[in-house]
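K.L.:
All I have is the shape, not the residue letters:
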């Protein structure tokens with residue numbers, strides 16, 4: 001199958017490209033720069049120069065493909081066009097810059113989904129869309145049949161899921177892969193990487209409240225394999241969960257980070273969490289357990305990669321020399337105690 005992949009040189013996208021090439025697919029990846037194009041070609045794929053804001057370029061690439069996997073999403077100002085960045089900066093109150101930027105990013109994603117799906121019209125040509133589990137209703141175990149929740153912490157992204165399901169309603173084999181806040185290997189761990197960076201800068205590894213709120217997780221290679229299976233086998237309108245671990249207590253994550261950095265582990269109130277984590281604080285406090293039971297059954301997908309806490313430990317073994325521990329971080333985290341909070 002000829003497959004067009006957006007976000008093809010990103011952390012998840014590059015693993016998807018490798019998996020597709022290994023499975024015998026002919027892959028073309030979206031490349032924003034010459035360096036990205038060179039990286040793609042070195043992996044055995046072709047490069048298509050453009051951005052997710054260049055809708056006509058997306059349509060051409062999708063029209064030339066048998067299927068599309070869309071993982072691109074600009075999470076940083078540098079990913080957006082100059083115009084989008086300018087509108088976010090000067091479009092209103094400085095306190096709302098992050099929300100304006102995220103709104104623009106979601107709108108760009110929605111338009112890209114419609115452009116890609118529209119170009120695949122008229123045949124059994126699948127499009128697979130990446131979507132965050134943080135857009136699901138919190139405080140309960142999310143399952144595949146659940147609709148995304150506009151009131152969730154990641155609720156702005158609901159428009160992307162709505163656009164994907166609209167494609168399915170028009171007869172396009174559009175499917176959704178919901179990704180947890182930590183897609184990980186030993187080099188990166190999704191949002192957890194930002195928690196590590198914050199703990200390193202502030203010398204405090206923190207969680208909000210009692211830290212019993214849970215995050216789902218999946219290894220990068222398990223996630224990439226699921227994208228391929230959805231491309232090859234997924235039915236129109238299906239929603240799949242790329243989740244290997246249903247829920248890991250954020251306190252346990254913070255304790256693991258604190259131990260390996262040798263810094264204090266601290267419980268924070270929501271007010272203090274805002275000072276520690278900035279815009280990320282509401283995500284750190286969110287309870288987001290997610291099931292993949294139906295996904296595993298329907299696509300015969302079995303996660304086999306390392307656990308998140310193992311990859312955090314491996315990250316420090318390969319990238320850091322451990323600092324002398326503080327008095328509060330001398331012992332390893334008590335996983336047996338925390339494990340009681342990780343069950344759904």
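P.N.:
Done, it's in. Note that the coordinates shown come from a computational prediction; the quantities given were computed from them, not determined experimentally.
K.L.:
Would you mind giving the secondary structure of residue 226?
P.N.:
helix (DSSP: H, G, I helix; E, B strand; the rest coil).
K.L.:
Which parts of this structure are strands?
P.N.:
All strands of the chain, identified by DSSP state E, fall at 2-6, 26-31, 46-49, 67-70, 127-132, 174-179, 182-184, 204-208, 214-219, 239-241, 245-249, 264-268.
K.L.:
For residue 305, find the nearest of these.
P.N.:
strand 214-219 (2.6 Å; CB to CB). Any C-beta I mention is one placed from the backbone N, CA and C, and that applies to glycine too.
K.L.:
Select the longest helix from the chain.
P.N.:
For the chain, the longest helix by residue count, based on DSSP state H, is helix 97-119.
K.L.:
In that helix, which residues are buried?
P.N.:
97, 100-106, 108-110, 112-119 (16 or more other CB atoms under 10 Å).
K.L.:
my guess is residue 290 contacts residue 246, does it?
P.N.:
Yes: Residue 290 is within contact range of residue 246, at 6.2 Å (criterion: CB atoms under 8 Å).
K.L.:
Show me the common contact partners of the two, please.
P.N.:
141, 216 (CB atoms under 8 Å, 6 or more residues apart in numbering).
K.L.:
Which one of those two is surrounded by more residues?
P.N.:
Per other CB atoms under 10 Å, whichever of residue 290 and residue 246 has more neighbours is residue 290, with 29 against 21.
K.L.:
returning to what we had before: for the strands of the chain, which one sits closest to residue 304?
P.N.:
Sorting the strands of the chain by CB to CB, the top spot, which is the nearest, belongs to strand 214-219 at 7.9 Å.
K.L.:
Who are the packing partners of that closest one?
P.N.:
strand 182-184, strand 245-249, helix 250-261 (3 or more CB pairs under 8 Å, 6 or more residues apart in numbering; DSSP states H and E).
K.L.:
ok, and the closest non-adjacent residue to residue 26?
P.N.:
Counting by CB to CB, 6 or more residues apart in numbering, residue 26 lies nearest to residue 2, which is 4.7 Å off, once chain neighbours are set aside.
K.L.:
could I get the helices and strands packed on strand 214-219 as CSV with mean pLDDT and distance to residue 192?
P.N.:
As requested, these are arranged in CSV below (pLDDT from 0 to 100; distance: least, CB to CB, whole Å):
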stretch, mean pLDDT, distance to residue 192
strand 182-184, 98, 5
strand 245-249, 98, 10
helix 250-261, 98, 6
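K.L.:
Please identify the deepest-packed of those.
P.N.:
strand 182-184 (a mean of 27; mean count of other CB atoms under 10 Å).
K.L.:
Just checking: what are the partner strands of that one?
P.N.:
Paired with strand 182-184 in the same sheet, following DSSP bridges, are strand 214-219 (parallel).
K.L.:
What's the mean pLDDT across the partner strand?
P.N.:
Strand 214-219 carries an average pLDDT of 98.
K.L.:
quick one: contacts of it?
P.N.:
So strand 214-219 is contacted by 133, 179-185, 190-191, 241-250, 253, 286-290, 303-308, 311, 341-342 (CB under 8 Å, 6+ apart).
K.L.:
what's the longest helix of the chain packed up against?
P.N.:
Against helix 97-119 (3+ CB pairs under 8 Å, 6+ apart) you get strand 2-6, helix 55-63, strand 67-70, helix 82-90, strand 127-132, helix 158-169.
K.L.:
Let me see the contact set for residue 223.
P.N.:
For residue 223, the contact set (CB under 8 Å, 6+ apart) comprises 12, 15, 177, 179, 183, 242.
K.L.:
mind running it again at 10 Å?
P.N.:
Residue 223 sits next to 11-12, 15-16, 19, 71, 130, 177, 179-180, 183-184, 242-244, 301, 303, 305 when contact means CB atoms under 10 Å, 6 or more residues apart in numbering.
K.L.:
about what we covered before: how many degrees apart are the longest helix of the chain and strand 127-132 in direction?
P.N.:
160 degrees (axes from the mean of the first three to the mean of the last three CA atoms, to 10 degrees).
K.L.:
How is this protein partitioned into domains?
P.N.:
Here the domain assignment for the chain is 2-185+217-241, 191-215+247-288+308-339, based on automatic domain parsing.
K.L.:
Can you flag the weakest of these by average pLDDT?
P.N.:
domain 191-215+247-288+308-339 (a mean of 85).
K.L.:
does residue 153 really touch residue 213, like I thought?
P.N.:
No: shown here, residue 153 and residue 213 do not form a contact pair, counting by CB atoms under 10 Å, at 11.2 Å.
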